[in-house]
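[1] No sequence on hand, only this structure:
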């Protein structure tokens, strides 16, 4: 049933290459008949569920794009990471101070965690259903131990770096820089906690999102409309920390760090976004809510209820809002500052506001994207997975619920994101 074709791929090594990819399936009607003889699948439209009209941005046919240009600092960081991936520089040559997320691995979904573990160990994991807590803990510990081993010494021997750790680490770096240079694990200034203004204004994505929210609220006020809610999805920058060199050793290569102290930001990344919105808009602190891993169920429900009632107009959430959190009653827009590797995860997150019971006639789903960053890599994976899944579930000329490649030309947009193939 597999349909193989050649396509341009933007690899984890940040190279442009043409190779075979699984684009979909042949004999799809026969395959679907077999599937639907077992599964009783219905979409929201099949069940006649009344929902707002969903509008996704970018919308290239209408000339509405959300492509952003990286800052000069982000561009320098991307080049440094490329040199590390290609083996032109060692980790110790680009890293003296390293930052990471306290929840970097615990916030991963099962598929991403398995992929990281397979790349680290070279072992193939047969993922059937969900990982149990014991297996998740095992994988997380292995990844954290590997990370600790590569961060303890500033000049560890490259041959000791676990298989696959270089690419996994580099992809994490790319995603960090794509959000903000202050989240870059190898940026020396990362040890210096930024102000809310520094954090937002050095991030094209975050500044774009904040300005969109301000413009929406201003439009609603001008036209005497009831203020609507906005959701910011972002799975990074929740509680950044940095490893600061505390001991050094003189070597033939010069003075290098041999031990580090952990320093956490006093104000988390979500709190900095909140502070910036308060300082630069008419919203009060009480009108901005936060939901992230580590909150109790009661705390999450409290924040959800305030948003549903319209008491909070902006909600910043990590992956924990993807399931079990309903945000639909007053929400008009969801912004994805960070992308998940799995298209079904993205659709589950979108479903938090695009569902029955929303008073809005339209819901906007906005994907701000940065040129020559981690976004083309993740977007390409989302495109390929979505095409395969849609071909299984689409039937009788109707399409499935996976919208990320249905509402705009994913392949065209991927090429727009890669403006400099060398970079």
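    Alright, I've got the coordinates. None of the values given here were measured: they were computed from a predicted structure.

[2] When you work out contacts or count neighbours from here on, use the C-alpha atoms and nothing else.
    OK.

[3] for the stretch 1-150 of the chain, what spans make up the strands?
    Applying DSSP state E, counting those that start in this stretch to the stretch 1-150 of the chain gives strands spanning 2-10, 16-25, 53-57, 67-68, 98-101.

[4] should've said the stretch 301-423 of the chain
    Using DSSP E, counting those that start in this stretch, strands in the stretch 301-423 of the chain cover 314-317, 331-336, 362-366, 369-370.

[5] I'd like those as TSV, with mean pLDDT and mean neighbour count appended.
    Formatted as TSV, those follow (pLDDT from 0 to 100; neighbours: other Cα atoms under 10 Å):
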stretch	mean pLDDT	mean neighbour count
strand 314-317	96	24
strand 331-336	95	25
strand 362-366	93	20
strand 369-370	90	24
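
[6] Please convert those to CSV, extending it with distance to residue 348.
    Putting the strands of the stretch 301-423 of the chain into CSV (distance: least, Cα to Cα, whole Å) gives the following:
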stretch, distance to residue 348
strand 314-317, 14
strand 331-336, 12
strand 362-366, 13
strand 369-370, 20
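
[7] right, so of those, which gets closest to residue 30?
    Nearest of these to residue 30, taken as Cα to Cα: strand 362-366 at 34.1 Å.

[8] Check what contacts that closest one and list those residues.
    52-58, 66, 331-336, 350, 353-354 (Cα atoms under 8 Å, 6 or more residues apart in numbering).

[9] for the strand or helix carrying residue 173, packing partners?
    Assigned by DSSP states H and E, residue 173 belongs to helix 165-179. Contacts defined by 3 or more Cα pairs under 8 Å, 6 or more residues apart in numbering; DSSP states H and E place helix 165-179 against helix 72-85, helix 110-121, helix 204-222.

[10] need the least confident one among the ones you listed, by mean pLDDT.
    If you rank the helices and strands packed on helix 165-179 by mean pLDDT, helix 110-121 sits at the bottom with a mean of 69.

[11] From what I see, residue 336 and residue 368 are in contact.
    Yes - with contact defined as Cα atoms under 8 Å, residue 336 counts as touching residue 368 (6.8 Å).

[12] where do the helices sit along this structure?
    28-36, 72-85, 91-94, 110-121, 133-152, 165-179, 196-201, 204-222, 269-279, 297-308, 343-350, 375-393, 410-417 (DSSP state H).

[13] Would you single out the least confident of the ones you listed?
    Taking the mean pLDDT of the helices of the chain, helix 410-417 comes last: a mean of 58.

[14] ok, residue 181 - how many residues close by?
    23 (other Cα atoms under 10 Å).

[15] Excluding chain neighbours, what is closest to it?
    Nearest residue to residue 181 in three dimensions, chain neighbours excluded: residue 74, at 6.1 Å (Cα to Cα, 6 or more residues apart in numbering).

[16] do the same with residue 81
    residue 170 (6.3 Å).

[17] How about the contacts made by that neighbour?
    81, 84, 85.

[18] okay but the second one is in contact with residue 95, surely?
    No - taking Cα under 8 Å as the contact criterion, residue 84 and residue 95 are not neighbours in contact, 10.1 Å apart.

[19] Pick out whichever of the two has more residues nearby.
    residue 84 (21 against 17).

[20] From residue 392, how far off is residue 385?
    11 Å (Cα to Cα, to the nearest Å).

[21] rewinding a little: Throw the helices and strands packed on helix 165-179 into TSV and include distance to residue 19, thanks.
    Shown next, in TSV, are the helices and strands packed on helix 165-179 (distance: least, Cα to Cα, whole Å):
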stretch	distance to residue 19
helix 72-85	20
helix 110-121	20
helix 204-222	31
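
[22] Residue 46 is nearest to which of the ones you listed?
    helix 110-121 (29.1 Å).

[23] still on that earlier bit, let me know which of the helices of the chain is tucked in deepest.
    Each of those was given a mean neighbour count from mean count of other Cα atoms under 10 Å, and the largest, a mean of 22, is that of helix 165-179.

[24] what separates that one from the chain centre, distance-wise?
    12 Å (Cα atoms, centre = their mean, to the nearest Å).

[25] Same question for stretch 376-395.
    17 Å.

[26] and what of stretch 225-236?
    Centre to centre, stretch against its chain (Cα atoms, centre = their mean), the figure for stretch 225-236 is 16 Å.

[27] Could I get the phi/psi values of residue 41?
    The phi/psi pair for residue 41 (degrees, to the nearest 10) reads phi -100, psi 130.

[28] ok, now which ones touch the residue nearest to residue 181?
    177, 178, 180, 181 are the contacts of residue 74 under Cα under 8 Å, 6+ apart.

[29] Closest one of these to residue 274?
    Distances from residue 274 to the contacts of residue 74, taken by Cα to Cα, are shortest for residue 180, at 15.7 Å.

[30] How many residues are close by the closest one?
    25.

[31] Nearest residue to it in space, ignoring adjacent ones along the chain?
    residue 203 (4.9 Å).

[32] Was I right to think the one you found contacts residue 184?
    No - counting by Cα under 8 Å, residue 203 does not reach residue 184; the two are 11.9 Å apart.

[33] Please say which of the two ends up with more neighbours.
    residue 184 (27 against 20).

[34] Quick one, grab the pLDDT at the more buried one.
    81.
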